[in-house]
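1. Just to be clear, the model below is a prediction. Sequence and coordinates:
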Number of protein chains: 2
Amino acid sequence: MQNPEILSFRNVNLHDGFWARRYILNKNISLESVRQQFERTARFDALRFNYLKNGRHIHYYYDSDAAKWIEAVSYLIEKDRPSMAENEAFIDELVDCMKRAQRDDGYLNSYFQQIAPDEIFRNRECHELYCAGHLIEAAVAYAKATGKRKFLHIMEKYCDYICRVFIEEKSAAFVTPGHEEIELALIKLYRFTHRKKYLEMAEFFLKNRGVWAKELMNEENTFCKQDDCDIFNLHKAVGHCVRALYLYCGIADLALEREDITLRQNLQKVFEDIVGHKMYITGGVGSSHRGECFTAEYDLPNHTAYSESCASIAMILFALRMRKLERNAKYGHVIERIMYNSLLSSCSLDGKSFFYVNPLEIALEEYGRESCIPKDSAEWLPIKQRKEVFDCSCCPPNLNRFFAEIGSVIAVCEEDALFVEQYVSSDLTTAFGSVSIREQYALDGCVDIFSENYGKDRLAVRIPEWSRSLDCVLNGEKVLPECKEGYAYFTVGKNFSLSLNFHIAPVFVSANPNVRANVGRVALTYGPVVYCLEGVENGTRLNRISVSPSAAKEAKMILAFHGLYSVEMEGFIDKEQDLLYFPARASEKEGKKLTFIPYFAFANRGESDMLVWVRRA
Amino acid sequence: MQNPEILSFRNVNLHDGFWARRYILNKNISLESVRQQFERTARFDALRFNYLKNGRHIHYYYDSDAAKWIEAVSYLIEKDRPSMAENEAFIDELVDCMKRAQRDDGYLNSYFQQIAPDEIFRNRECHELYCAGHLIEAAVAYAKATGKRKFLHIMEKYCDYICRVFIEEKSAAFVTPGHEEIELALIKLYRFTHRKKYLEMAEFFLKNRGVWAKELMNEENTFCKQDDCDIFNLHKAVGHCVRALYLYCGIADLALEREDITLRQNLQKVFEDIVGHKMYITGGVGSSHRGECFTAEYDLPNHTAYSESCASIAMILFALRMRKLERNAKYGHVIERIMYNSLLSSCSLDGKSFFYVNPLEIALEEYGRESCIPKDSAEWLPIKQRKEVFDCSCCPPNLNRFFAEIGSVIAVCEEDALFVEQYVSSDLTTAFGSVSIREQYALDGCVDIFSENYGKDRLAVRIPEWSRSLDCVLNGEKVLPECKEGYAYFTVGKNFSLSLNFHIAPVFVSANPNVRANVGRVALTYGPVVYCLEGVENGTRLNRISVSPSAAKEAKMILAFHGLYSVEMEGFIDKEQDLLYFPARASEKEGKKLTFIPYFAFANRGESDMLVWVRRA
C-alpha cells in the first residue's frame, strides 16, 4: 500500500448512536422529502426530457440536483438494497429517459437540449459541465451499487463527446468550466473504469484553469471562478467557495495520481489559508452572499455570513483528499468541526428542511429595517427558517449524498496502522481486520475502540484539537501513547480494547483579534460542538447579553431536545435604558441566567434570535 | 410678538473664533472650490441653457446644485457685498440666461427643456419640483440680498405655471413631488412676497402627501418617498432622510402658519423618534445607503453608516423650525450635536473637499474584501477620503449655503426673553438691543454673554445636555439661575455681563443597549465634540483596541492640528495571536497609549482606519 486509503463507507456499518441516527434520518426522511420536492418542482421532469410536453420551468442546474439525489440513493442501495427498491426502479426509469434523450453524438443536458439547443457549449456561465460532473458521479455510484452499467455507458459516451468538443476539436466557446466539478468527477470515473482518457480530460481542465481565462475574461470576474491564477501558482483560497473547493478536490486527486509535489504543497497552503483566516468557528466557509465567496483574511461577519451548506460538504471532501496527501490530524480536526456544526445545522432536526446559508447570528430586529428600505434594495439577510426546497436547491441533495456515505470519514488505512479519524460508533472492515468504535463523544468525550482480529501492531487515533488532556486505557491498563502530527499511537495486539477519555468540558473560545466581527466576544464550545444562545430561552436582542469565560466552570449540563447537552450558566444583560446616548457608568449590566444550545439545533423551534459569539463580560 | 423668532444671520456678526473661522473658510475657499467644480462639470452650463451648443452632460438635478450655490452667495452678499461682486455679476448672467430660456408659459428646467421636453411633469422621480424649490429659495435669497427682482419674477412666473398644471388643470402625471423641497420653498416665497397663493400651493403638496400616492404607487416604494402616510397621521421618521426632513420642515412651516396643533404634535413625535432611536452620536441620520434611509429603531451601523451631509443640514433646518413651535432646549441640543460633528466632518479642514456620506468607522481591511468579490456585486462601503465634487453633488453647495447663514442658529427672540441657543462668538442685533457672545466653548466649556443696552429683564441660555454642573457669574457675582425646559433663566439689567462655565471634561458615552452596533462600546466626548481613534496615531485594525471609561479621568488634552484638543489616555490592545480560534484566556490584552481626535477631523491626513465606538475594556 503506497498511499493512505480512506476507508470507504462500503466497509463501515454504523452502530446505533448520534451519527447513525442522522444517517437513518437522512435515509428515511430527508431523501424522501427531497424527492417529493424535486418531483413537485420538475427536477425529475427535466431528466425525463418532457419539458416540451409539460411546459414546466426547467433550470440549467436541474440535472445536477437530480444527479446528487441519485448518487445518494446509490450509496443507500449499497448498504440496504431492499429498502431502496422503489427508488432504484425510479432511477432506472430516469436512466431510460436519458438514454432515449441522449443525442447520437453523446451530448446530454436536459436544459440545453430542450430549452436552448443553440447555446450548447457557448455559455460558460450555465453549469453545463458542472451538471455533467454530477451525472458522472451519480453514474459511477449507481454502477457500483447495482452493477447496472446503462447510466455509466451514457455518461462515458457523453464524456467522449466532451473530449471531442473541448480537447480534440476545440469547438466549444470556452475551455474551462464556469463552475468546477467535472474535474473530480472525471478522476472518479477514471478510477472506476481505469480509462486513462478521463484522467487526461480532468488534467486538461485543471491545467487550463487560470491560464486560458486570463486572456478572455474581463478582469472583474476572474476571482469568482478561480480564473485569476493557474493551479501551479495557487496559494490562497479565492472566489466562489463551492467552485473553489471542488477545484481544489480535483487538484488533490490529480496531485495524488501524478504524485505532483508542487500541487500538493500549493494545496497545503490553500488549506492553511482557509483554516487560518477564512473559516467560521462552525467550520462554515464563505463570508459573503455576493459571489458566495471566500473574501479577505479575517473577514468573518456573523449575521451576514454565507457558510453555504454545499461549501461545508465540499470542504470535507477537500480535507479528506488532503488527508490522503499528508498524514496530519488537522484534516480530521476540520472535518469534525464541520460535521458537528455547519454541516448539521444545514438540516432540520426533523430531517425535512434545509438551510442553504448558515448564519452565525440572527438578529430579528435587523429584519425590521427592511420595512423602511425600498424592497428592491433591501439589505441582504439570510432566511430565518429552513426550507424544504430552494429555487437553486443544490444543498438538500448534496446533504442526502453526504449523509448516505458518511461512513467514509471515519478511518484511514496506512501502511503501518489504521488511523481512526472520526469518532463515530461503527464496525469497520479494514485491510487489517475488523475494528469497532463505540462512543458518546459529544456527551462524555469518551471513545472505545476494540478488535478481535487486528492484523497490525500499531493503531493511531486522532487527538481532537479541543482535548487538553487525554486518558488512555489499553486492555484495562493506563498507557501513555506516543503523539505525533496530532495522532496518538498505540502498540496493540490482535485482540485489543482501547478506551479514550478526551476530557470534554464547556470552554469559551476567543477568535483572533483581527476578526473584526468577534473582537471582545467568546463562543461556547463543548468538545466538537459549538454552542449558541437562542431567543427561545434567552429573549430578544441577544447582543445585550455578556458572559465571563470563567462562568463555563460552573455550567450545568442538561440533556435536551436536540439529543445533546444544553448548557446553563450565569451571565449578564445590559440594563434597559431610555436614552439613546448617556454617560458610561461603572456598571450597566445585571445578572441573567443563560441557556446555550448546540449551534446546529438553532431555528428548530420557530423564528428566533440566535447568537454564537457572545460579548465577554 | 406671538411666535418665537429665530434671529436671522442678517442680525448676527460672527466674532473671531471657532465658527467664524469655518465661516471664512467657506466664504474664501469652499465657495470657490464648488464654483470651479460646478463650472468644470457643466452645472452652470445647465442654467446657461447651452447644452445643445456644447453637448455636455446635464443631469436632472443640476439646477438644484447651482441654485444652492447662488443661495450661498446671496447670504454672503448680505454680509459683505464688495467681496462678492464678481459672483454677483456671474449670477446676474445666469439669471439672464434663465430669463431667456424660460418658456412663455413660465416653465423652467434646464434638463427637461434641453434633454427631455416630452417628459415635462411626467416623471415623478426626476426631481423637477425639487429643482424648482431650490431655485425659489435662491431667488428669494438673491432678491433679499441685492434688491434685484428679475430672478424672483422668473420663479414667481414658474410657480404660477406649477399651480396651473398641478392644482388648477391637474394635467401633471403626478400630484406630489418625488423629492420634497418645494413645500418649504413655497412658504419661504409666501413669507417674502406675502402672496397667499404660495402658501396654498405648499399646503396642497403637503396635504396630498401620502394620500394621492397610496393609490398610484406600487407598494414597494411608498416608504422611501414618504408616500406611506398622510401628514395628519405621521408619527415616525421614515424613508429617504433628506426627502423626509425637507418634508418635515414644510409641515412645520405649515403648522406655524395655520397654528395646527395636530401637525405640531405629530412633528414632536417624529423628532423624538429620530433623536431617541435613529440618530448617530455625531448627529448624523440615515442608516443605510439603500434608499438613503431612516431604517428601524436602533439600527445604527457604523462602518456602513450613511449619515449624508445634506441630511445633517436638513435635520438642523427641521430642529430650528421645531424650536419655533416649542420652547425646549432639546432642539438646540441636536443642532449643537450636528454642528460639531456630522456637519463639520462633511468638509475637509482645508475647505476644499467634501463627504457625501459620513461613516462612524473606517476599517481599511474591509475594503480588502472587495478584491475577492466580483466588482459588480462588491460590498458597499463609503469612500475613505473627501472629494471636491460628486456626480450627485448636492452636499457641497448645501454646505456652502449653510455656513453662509450659520449665524441663524444662535438665538431666538421670544416675548419674554432672548434665548441663546448656540454658543458662537458673535455680536447680535436683536429686538431687545445688542448682545454679544464670546466663547472657547469646545476648548474650555465657558461662555461670556454681555450687553450694554438690553431691553428685557430676562435672558435665557441653553444648558448643554453634556453639562453636569453649571457655574454662573452675573456682573461679578455667582448666581443660581432658574432652570426649565433645558434653559437657565437669568434676571438681568440693561447692562449685564454673564459668565457661564459648563464644566467641560472628557467623558465616555454609552449607547442604548438596543443599538446592536455599539453594545459593549463607548465613545469619547468632550463637551459638544465627539472623538474618534484614527489609524495615524493608533495603528490598523482599531477594533483590537479597548478602553476603560474611567481612563478619561487621567486624559491629557493637547492642542492639535484641527484647532481643538486631541485627547491622550491609556488603553489596551488585544495581543497578537497566531490561531484563528483558541481557548479564551483570563487576559488577552496589553497596555497601549491611545490618541483620540475630534471626529470631524478624521480623514484629513490621508487614508486611515477610524473608529468612534471603542470597545469597553
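-> Arrived safely.

2. for stretch A:93-100, which positions count as buried?
-> For stretch A:93-100, the neighbour count (16 or more other Cβ atoms under 10 Å in any protein chain shown) marks A:Leu94, A:Val95, A:Cys97, A:Met98 as buried. Glycine gets a C-beta too; all of them are placed from N, C-alpha and C.

3. cool, and stretch A:19-37?
-> A:19-20, A:22-23, A:25-27, A:30-31, A:33-35, A:37.

4. circling back: of the buried residues of stretch A:93-100, just say which sits nearest to B:Lys324.
-> Ranked by distance to B:Lys324 (Cβ to Cβ), those are led by A:Leu94 at 75.7 Å.

5. okay, the strand or helix carrying A:Cys532 in CSV with CA atoms only?
-> Following DSSP states H and E, one finds A:Cys532 within strand A:529-534. Output of strand A:529-534 as CSV, limited to C-alpha atoms (Å, rounded to 0.1, in the frame of the first residue of the first chain):
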residue,chain,number,x,y,z
VAL,A,529,-19.9,21.2,19.4
VAL,A,530,-20.2,25.0,19.0
TYR,A,531,-23.0,26.4,21.1
CYS,A,532,-25.3,29.4,20.6
LEU,A,533,-27.8,31.4,22.5
GLU,A,534,-31.3,31.3,21.1
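
6. for the helix or strand that that strand is followed by, packing partners?
-> Sequence order places helix A:535-538 as the next helix or strand after strand A:529-534, per DSSP H and E. On a contact count with 3 or more Cβ pairs under 8 Å, 6 or more residues apart in numbering or on different chains; DSSP states H and E, helix A:535-538 meets strand A:589-598.

7. and the gap between the residue nearest the centre of chain A and chain B?
-> The residue lying closest to the centre of chain A (Cα atoms, centre = their mean) is A:Ile313, at 1.6 Å. Per Cβ to the nearest Cβ, to the nearest Å, A:Ile313 is found 21 Å from chain B.

8. same question, A:Phe90
-> Applying Cβ to the nearest Cβ to A:Phe90 and chain B gives a distance of 39 Å.

9. For the stretch 251-400 of chain A, what lies in contact range of chain B?
-> When proximity is defined as Cβ under 8 Å from any Cβ of the partner chain, the stretch 251-400 of chain A approaches chain B at A:275-277, A:279, A:281, A:287-288, A:290-291, A:293-299, A:363, A:365-366, A:368-369, A:371-379.

10. per-residue confidence for the residue lying closest to A:Phe232 once chain neighbours are set aside?
-> In space, and not counting its chain neighbours, A:Phe232 is closest to A:Thr262: 5.7 Å by Cβ to Cβ, 6 or more residues apart in numbering or on different chains. pLDDT for A:Thr262: 98.

11. Also the one 5 residues further on?
-> A:Leu267 carries a pLDDT score of 98 in this model.

12. low-confidence ranges in the stretch 201-350 of chain A?
-> Scanning the stretch 201-350 of chain A with the threshold set as pLDDT under 70 gives A:213-221.

13. Can you show me the strands along it?
-> A:239-240, A:293-294 (DSSP state E, counting those that start in this stretch).

14. what distance separates the first one from the middle of the whole chain?
-> Relative to the centre of its chain, strand A:239-240 is centred 16 Å away, using Cα atoms, centre = their mean, to the nearest Å.

15. thought A:Tyr302 was touching A:Ile362?
-> Slight slip there: residue A:302 is Asn, not Tyr. No. If you go by Cβ atoms under 8 Å, A:Asn302 and A:Ile362 don't touch, sitting 9.5 Å apart.

16. Spit out the residues that contact these two alike.
-> A:Leu611 (Cβ atoms under 8 Å, 6 or more residues apart in numbering or on different chains).

17. on that earlier part again, tabulate the buried residues of stretch A:19-37 in TSV, adding columns for secondary structure, pLDDT and distance to A:Gln440.
-> Listed next are these as TSV, based on DSSP: H, G, I helix; E, B strand; the rest coil; pLDDT from 0 to 100; distance: Cβ to Cβ, whole Å:
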residue	secondary structure	pLDDT	distance to A:Gln440
A:Trp19	helix	98	11
A:Ala20	helix	98	12
A:Arg22	helix	98	15
A:Tyr23	helix	98	16
A:Leu25	helix	98	18
A:Asn26	helix	98	21
A:Lys27	helix	98	22
A:Ser30	helix	98	24
A:Leu31	helix	98	26
A:Ser33	helix	97	28
A:Val34	helix	97	30
A:Arg35	helix	97	33
A:Gln37	helix	96	34
